[in-house]
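Participant: give me a model of this one.
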Amino acid sequence: VWPAVWPLTLDGLGKFTKTASALLVMAISGGAIIPPLYGKLVDMNKVSLISEGLNESEAMAQAATSSYWILIPCYAFILFFAIWGHKYKSWKR
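Facilitator: Next up is the predicted model:
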């Protein structure tokens, strides 16, 4: 995805190219941070559900499902960029 996102993002930014490039690097870091956060959230929810009496497989399934909320903002931003965000330079006109 990055070979397609990078040029679409930086095209025509002029003096903002350095800032946009830095934001893209931070997005890569977000890709390294969000999955471990999701895993930690699943583990915490699983332990909580097991202590409430669910068996381990049901607790794992329910914890994984209920922890997806942390991923929704990430996917929402990707969807925004795919549909409208890459056209930002046309917004300025």
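Participant: off-centre distance for the top helix by length along the chain?
Facilitator: Once the chain is assigned using DSSP state H, the helix that runs over the most residues is helix 17-51. Taking Cα atoms, centre = their mean, to the nearest Å, one finds helix 17-51 lying 7 Å from the centre of the chain it belongs to.
Participant: what's the first helix or strand after that helix?
Facilitator: Sequence order places helix 56-66 as the next helix or strand after helix 17-51, per DSSP states H and E.
Participant: pLDDT averaged over that next one - what is it?
Facilitator: Mean pLDDT, computed over helix 56-66, is 92.
Participant: name the helices or strands packed onto that helix?
Facilitator: Judged by 3 or more Cβ pairs under 8 Å, 6 or more residues apart in numbering; DSSP states H and E, the packing partners of helix 56-66 are helix 17-51. (Glycine included, C-beta is placed from N, CA and C.)
Participant: mind giving me the packing neighbours of the helix it packs on?
Facilitator: By 3+ Cβ pairs under 8 Å, 6+ apart, helix 17-51 packs against helix 2-10, helix 56-66.
Participant: any idea which of those helices is most buried?
Facilitator: helix 56-66 (a mean of 14; mean count of other Cβ atoms under 10 Å).
Participant: starting at the chain centroid, how far to the very next helix or strand once past that one?
Facilitator: Following helix 56-66 in sequence order, the next helix or strand is helix 72-83 (DSSP H and E). Between the centre of helix 72-83 and the centre of its chain there are 8 Å (Cα atoms, centre = their mean).
Participant: only the buried residues of helix 72-83, if you could.
Facilitator: Neighbour-count burial for helix 72-83, counted by 16 or more other Cβ atoms under 10 Å, picks out F81.
Participant: what of stretch 28-39?
Facilitator: Residues Y38 are the ones in stretch 28-39 that count as buried (16+ other Cβ under 10 Å).
Participant: cool, and stretch 14-31?
Facilitator: A27.
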